[in-house]
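Visitor: Got a predicted structure plus its sequence, pasted below:
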2 protein chains.
Amino acid sequence: MAATSNKELKKVLRAHELKATSQRIALLKLLNSTQDHLDAEEIYFELYNQQKNVSRATVYRSLEALVAQELVSKLDFGDGRSRYERSKGDDEHHDHLICEKCGKVIEFFNLEMEAQQLSVCEEHFFTPTTHTMYIFGTCADCRPPNST
Amino acid sequence: MAATSNKELKKVLRAHELKATSQRIALLKLLNSTQDHLDAEEIYFELYNQQKNVSRATVYRSLEALVAQELVSKLDFGDGRSRYERSKGDDEHHDHLICEKCGKVIEFFNLEMEAQQLSVCEEHFFTPTTHTMYIFGTCADCRPPNST
DNA sequence: GCGTAAATGAGAATCAGTCTTATTTTGAGG
DNA sequence: CCTCAAAATAAGACTGATTCTCATTTACGC
């Protein structure tokens, strides 16, 4: 799927008019290697453990640049911090179900819903760029077994 | 529509097991009086101007209590702060289109979309409590007239 | 290899929101 | 209306996430 070698990542960065610094490469590599929705502190800590010598400021600045170039997606689960994941193509777009009890995040994609969103935009002569759709509630594991 | 006299607001608060303090009444009155999506600082400033003598801490604490009682809704437009509006009944539920150029917020309601959300939840054995659905983009006024 | 614009590191600064503590207020009971 | 305990408040200290500042380092076109 996504580029993983240093050489490939370098190309990707250059293609987006971003200088290919070791910090940005390490950051992209990290996001490519996980399915988790990492926050800035987790990213900082992980890179620190990898002896990558990346400052917190650089983590934030790099993420900002990568999000602007749509190489990374910024997520907001409503807990007061931003999370990030490797950006997926339109064909991999998804939204999230968030369990308020255990914090689990379930990704989903629903074509009808996306279509409805477009039709709402049309009604209002609105040109959409992105959207956020989070459904909060209780996941199957946290739901008492006797309830429906 | 919603209660507006001090007496009525007092009743509403008491009905929700909240002591009817002057600060909470002023806060509810303010939210009842506007269609805007105010943030905590704006609320604090407005009450300060009204000589209501409400501290910032009280604004936050009161909002928290009112949100817990569903008298007020908390919104997150992704700009790093929470916004609040008078809570509307289920029949008044709506989502938001947010213009990234002028900041305008357009409210909408789409039954199919709500239905799709429920069906997604069912598929995942997920019990929803609330959801946030924000579509970001460009509103009609900010869209260049020659584009579709 | 050189030079410069861009990126980074370290830590100060900011900003929304929360917490602490002493003081004030509400509302139940008489 | 008066009393009192529990709850709420004011003021400002504190926190945690994020941004900014500025001196230093690095990428990369030539």
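Guide: Nice, thanks for sending it over. Numbering: from 1, shown residues only, chains lettered A, B, ... in the order given.
Visitor: On the pLDDT front, check the residue nearest the centre of chain A for me.
Guide: In chain A, the C-alpha nearest the mean C-alpha coordinate belongs to A:Glu85, at 2.8 Å (C-alpha atoms, centre = their mean). Here the pLDDT value assigned to A:Glu85 is 94.
Visitor: Ok, A:Ser55 next?
Guide: The predicted local confidence for A:Ser55 comes out at a pLDDT of 96.
Visitor: Could I get the contacting residues of it?
Guide: Counting by C-beta atoms under 8 Å, 6 or more residues apart in numbering or on different chains, A:Ser55 makes contact with nothing. Placement of C-beta: from N, CA and C, glycine included.
Visitor: And it, its phi and psi?
Guide: Here is the backbone geometry of A:Ser55 (degrees, to the nearest 10): phi -80, psi 160.
Visitor: for A:Glu107, same thing?
Guide: Listed backbone geometry of A:Glu107 is phi -90, psi 140, with angles given as degrees, to the nearest 10.
Visitor: just checking, it touches A:Asp95?
Guide: Yes. Here A:Glu107 lies in contact with A:Asp95, judged by C-beta atoms under 8 Å, at a distance of 7.3 Å.
Visitor: Pretty sure A:Ser22 sits against A:Lys52.
Guide: Yes. Contact between A:Ser22 and A:Lys52 holds when scored by C-beta under 8 Å: they sit 7.2 Å apart.
Visitor: higher neighbour count, those two?
Guide: A:Lys52 (17 against 11; other C-beta atoms under 10 Å in any protein chain shown).
Visitor: Now do the contacts for that one.
Guide: Contacts of A:Lys52 were listed using C-beta under 8 Å, 6+ apart, and they are A:22-23, A:26.
Visitor: Tell me how many other residues surround the closest residue to A:Pro128 other than its chain neighbours.
Guide: The spatial neighbour of A:Pro128 that comes closest, neighbours along the chain excluded (C-beta to C-beta, 6 or more residues apart in numbering or on different chains), is B:Gly137 at 3.9 Å. Applying other C-beta under 10 Å, we find 19 residues neighbouring B:Gly137.
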